[in-house]
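Visitor: Structure for the following, please:
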Amino acid sequence: MNTQHERIAELVAKMKQDNPQVIALFLDQKLDDAALVAHLREHFSTVMQQHYPKAWAYYTREEQTEQDYYKLMSTSMAYLRIMDYLDHEGQSFEDGNLHGKKVVSRPIGLLRKVLVGKKCQCSVDFVEDMAHLMAQLSGVEEREIPSRSKVKQWMERHPSGLDRQVIAWRVQNKKRIVALLVQRLETQTKSSSFYHFREGLSFEEKRKQVLTWWRDDRFHLHFAIRSADDLNLYLAHSMDEKTLSLMREAQAKGIPIFATPYFLSLIDTRPLEKRENPRSDEAIRSYLFYSKDLVQEFGSIVAWEKEDIARPGEPNAAGWLLPSHNVHRRYPNVAIFIPDTMGRACGGLCSYCQRMYDFQGGRFNFELEKLRPKKSWQEQLEQNMEYFRNDPYLWDILITGGDAFMSSVKSLKNILDAVLAMARQKIEDNEARSPEEQYAPMRRVRLGTKIPVYLPQRVTAELVQVLADFKKKAALVGIDQCVVQTHVSSAMEITPETRKAVKRLLASGWAVTNQEVFTVAASRRGHSAKLRKVLNDIGVLPYYNFSVKGFKENRDLFATNARSTQEQVEESSIGQIAQRYHATIRTFMKNAEAMVEQIDSVRKGDEIPFISPDRNTLNLPGVGKSNTYRTIGITEDGRRILRFEFDHTRAHSKVIEDMGFVIIIESKSIAYYLKQLAEMGEDITEYATIWGYSAGSLEPRSPVFEGTTK
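Guide: Numbers count the residues shown, from 1 in each chain. So this is what the prediction gives:
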């Protein structure tokens, strides 16, 4: 195995071979570092203006639309990046991954030291990234977009939870877990008023009783696993010693563990060699197991979404004054509403959860009994609705948490009734206003939930009836979009139970959309494409494909923005909806009951395996969602420094418009990311074009998500 020194020597030799003209400038001893930067800037700007005018216009921001972005191929994008590197050479940036420590971007100076053999602090990962840049500048590395048939081949690698083989081994998992639950019930010291065995039952009778309770969501919450050792027990002692030790350490440090028996039955505990698809459940396993980085950082994690932090009487990072801790806001037209009910909890805990910041201070927990609404909640609910009523811009409310479906049916009905009353009052208030003074009436209500994955049993007939009743009444006050937003990141999460839950939601008139979290495991070739197809099959519209947010605590799960952009261009694009269907799909959200048939009509008519109205994006601190960025620097260890523009297609506060951009330093290098994929059994040569994706452009919002009210 090559040493780092040998690997760097190989990369230096490659650069000299791939781009001798530019490397000669680096080796010219007559040029000091400042003169080298000036000389390179003159050289590259001249070449760009003469041979790559579209790239030059993009660089100067004269032409920077989405259409302009797609005109940038490998070489022109490389020229854009080297110019940005030159413009920011020697600049320092605050690195959230290092708790605010300043890091300096100096790719030109560092590369020069490497090329002339001087000692420097840079890593192999840095040198490899720069070697690819040199190859792209000379045209040695060109981008080759995979064919549709190739993407379909990649999709076939990934099974779904609806496949017969998967269902079969999960039946055995369930049988084993039911036996453990029987034993737990037999030995519980404090008998539950709901869940206990009558005297004299045989094992078979007890097993049948547990199978009956299995259909009850409260049973799964009551017997959720909360310790590392129990987690290992319910996973058939399949955790390796390193993972078990790390989970014990996490538990001791105060990081919650919470997994329902149902969700644990989805995990493949068989040895790798006995599995049909050895890494098929990797994405859902990554929810359960915490990384060394997370355990080390817990206690010093800072909030990624700065706009979620607000003090009474002071605007948040996005410039909005908020009535309480229940309301979070980034945009003029939409606010997030987190009720003080059991909805502040979830049906499970994802290892990348943005609320890890809050778990540190005890503001979030899984003490479900303590999260029941207090007497003061009704008054607070009314005050929060007054905030919506008296805001001239708000017309979209996202009720989440936690998880909106963790609220009891009674609590959720109470919240939805309050929303209806508020929407009605907004209309009545407008009757007394002149046309130019009209406030935005409510048009959209969304419920954020992962219950269809973690606990589909909770989507009961009673819950669905409440949703159906609201949908009918909402139409009378101008609310024409009622949407359930799920978080599914793998086709393996879509089980027969999930399919049934989604079918019930659609039948109630609520559309179901999905927000995938693009973890390393979920970022494998064809994985998201397969997810989109299976979601389409059950009537779910892909909505967003989110890069993992957070700093070093989420480094293990973070897939680089270059991979997200690569997936957008090379895989998601085969599900692009043709222009001729745009008028048709605008009606889809309004006719949720027929969603499966509506989606199929477009797939069949356009001969595409899935429709992909989702946008690959990142939630930026304070600014909101965007995937419009340029790589302006790189750290000594090869982590790219990105400058993100906010989404210019939607309204923002003046604070955001004045801010203009956000700098994000990634938590890992591309080389580090590719090593993780290799450890999962991926052939990293299939990802070769990733190095060239150094800029991105946020896709336009799909017509399917546009409001039908004008």
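Visitor: List the contacts of residue 697.
Guide: 66, 69-70, 627-628 (C-beta atoms under 8 Å, 6 or more residues apart in numbering). Heads up, the C-betas are built off the backbone N, CA and C, glycines and all.
Visitor: List the contacts of the helix or strand of the chain with the lowest mean pLDDT.
Guide: When each helix and strand of the chain is scored by mean pLDDT, DSSP states H and E, helix 654-659 comes last, with a mean of 83. The contact list for helix 654-659 (C-beta under 8 Å, 6+ apart) reads 315, 317-319, 330, 622-624, 646.
Visitor: Mind doing that once more with 10 Å?
Guide: Residues from elsewhere that reach helix 654-659, judged by C-beta atoms under 10 Å, 6 or more residues apart in numbering: 307, 315-320, 330-332, 620, 622-624, 646-648, 651-653, 662.
Visitor: right, and the helix or strand after that helix?
Guide: Proceeding N to C from helix 654-659, the next assigned helix or strand is strand 661-665, under DSSP states H and E.
Visitor: now the contacts of residue 697 as CSV including pLDDT?
Guide: Output for those, formatted as CSV (pLDDT from 0 to 100):
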residue, pLDDT
66, 88
69, 93
70, 90
627, 95
628, 95
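Visitor: just the buried members of those residues?
Guide: 69, 627-628 (16 or more other C-beta atoms under 10 Å).
Visitor: related to what we said a few turns ago, apply the buried test to the contacts of helix 654-659 and list what passes.
Guide: Using 16+ other C-beta under 10 Å, the buried members of those are 307, 316-320, 330-332, 620, 622-624, 646-647, 652-653, 662.
Visitor: Please, where are all the strands along the stretch 251-400 of the chain?
Guide: 327-329, 334-337, 396-399 (DSSP state E, counting those that start in this stretch).
Visitor: can you put those strands in TSV and add mean pLDDT?
Guide: Shown next, in TSV, are these (pLDDT from 0 to 100):
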stretch	mean pLDDT
strand 327-329	91
strand 334-337	94
strand 396-399	97
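Visitor: Present these as CSV; the columns should include distance to residue 588.
Guide: Below are these laid out as CSV (distance: least, C-beta to C-beta, whole Å):
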stretch, distance to residue 588
strand 327-329, 27
strand 334-337, 20
strand 396-399, 18
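Visitor: Out of the ones you listed, which is closest to residue 250?
Guide: strand 327-329 (26.8 Å; C-beta to C-beta).
Visitor: Can you give the contact residues for that closest one?
Guide: So strand 327-329 is contacted by 305, 307-310, 315-316, 318-322, 335-338, 384, 387-388, 391, 393-394, 397-398, 400, 653 (C-beta under 10 Å, 6+ apart).
Visitor: So which of those are in helices?
Guide: Using DSSP state H, the members of the contacts of strand 327-329 that fall in helices are 384, 387-388.
Visitor: Surely residue 236 and residue 180 touch.
Guide: Yes - using C-beta atoms under 10 Å, residue 236 is in contact with residue 180, at 9.4 Å.
Visitor: Overlap in contacts, those two.
Guide: Common neighbours of residue 236 and residue 180, counting by C-beta under 10 Å, 6+ apart, are residue 264.
Visitor: CA atoms only: put the helix or strand residue 10 falls within into PDB for me.
Guide: Element membership for residue 10 (DSSP H and E) is helix 4-18. Presented in PDB, the C-alpha positions along helix 4-18 are these (Å, rounded to 0.1, in the frame of the first residue of the first chain):
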ATOM      1  CA  GLN A   4       1.100   9.400   1.600                       C
ATOM      2  CA  HIS A   5       4.400  10.600   0.300                       C
ATOM      3  CA  GLU A   6       4.300   8.100  -2.500                       C
ATOM      4  CA  ARG A   7       0.700   9.000  -3.400                       C
ATOM      5  CA  ILE A   8       1.500  12.700  -3.500                       C
ATOM      6  CA  ALA A   9       4.500  11.900  -5.800                       C
ATOM      7  CA  GLU A  10       2.100  10.000  -8.100                       C
ATOM      8  CA  LEU A  11      -0.300  12.900  -8.200                       C
ATOM      9  CA  VAL A  12       2.500  15.400  -8.900                       C
ATOM     10  CA  ALA A  13       3.600  13.300 -11.800                       C
ATOM     11  CA  LYS A  14       0.100  13.100 -13.100                       C
ATOM     12  CA  MET A  15      -0.300  16.900 -12.900                       C
ATOM     13  CA  LYS A  16       2.900  17.500 -14.800                       C
ATOM     14  CA  GLN A  17       1.700  15.100 -17.500                       C
ATOM     15  CA  ASP A  18      -1.900  16.300 -17.700                       C
END
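Visitor: Use 19 as the first number for this chain going forward.
Guide: In the new count, where the first residue is 19, that last one comes out as helix 22-36.
Visitor: related to what we said a few turns ago, could I get the buried residue list for the least confident helix or strand of the chain?
Guide: Buried, per 16+ other C-beta under 10 Å, within helix 672-677: 673-674, 677.
Visitor: ok, now stretch 440-449?
Guide: 440-444.
Visitor: for stretch 613-622, same thing?
Guide: For stretch 613-622, by 16+ other C-beta under 10 Å, it's 613-614, 616-617, 620-621.
Visitor: same question, stretch 32-48
Guide: 32-34, 36-37, 40-41, 44.
Visitor: next one: stretch 262-280
Guide: Buried-residue list, stretch 262-280, by 16+ other C-beta under 10 Å: 262, 264-269, 273-280.
Visitor: could you pull out the strands for the stretch 569-718 of the chain?
Guide: Assigned by DSSP E, counting those that start in this stretch, the stretch 569-718 of the chain shows strands spanning 633-638, 642-644, 646-652, 658-663, 679-683, 713-714.
Visitor: Please apply the same query to the stretch 19-168 of the chain.
Guide: For the stretch 19-168 of the chain, the strands defined by DSSP E, counting those that start in this stretch occupy 109-113, 119-123.
Visitor: Compare those and give me the one nearest residue 210.
Guide: The nearest among the strands of the stretch 19-168 of the chain, by C-beta to C-beta, is strand 109-113 at 49.1 Å.
Visitor: before we move on, the earlier item: and the strands of the stretch 569-718 of the chain, which one is worst for confidence?
Guide: Of all the strands of the stretch 569-718 of the chain, mean pLDDT reaches its minimum on strand 642-644 (a mean of 91).
Visitor: Give me the contact list for that one.
Guide: 323, 325, 336, 348-349, 352, 562, 564, 633, 635-638, 662-668, 670-671, 674, 679-680, 714-716.
Visitor: Sheet partners, orientation included, of that strand?
Guide: strand 633-638 (antiparallel) (DSSP bridges).
Visitor: list the buried ones in stretch 683-696?
Guide: Neighbour-count burial for stretch 683-696, counted by 16+ other C-beta under 10 Å, picks out 683-692, 694-695.
Visitor: Same list (those) but as a markdown table, adding distance to residue 456.
Guide: Formatted as a markdown table, the buried residues of stretch 683-696 follow (distance: C-beta to C-beta, whole Å):
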| residue | distance to residue 456 |
| --- | --- |
| 683 | 44 |
| 684 | 44 |
| 685 | 45 |
| 686 | 49 |
| 687 | 51 |
| 688 | 50 |
| 689 | 55 |
| 690 | 53 |
| 691 | 49 |
| 692 | 53 |
| 694 | 52 |
| 695 | 52 |
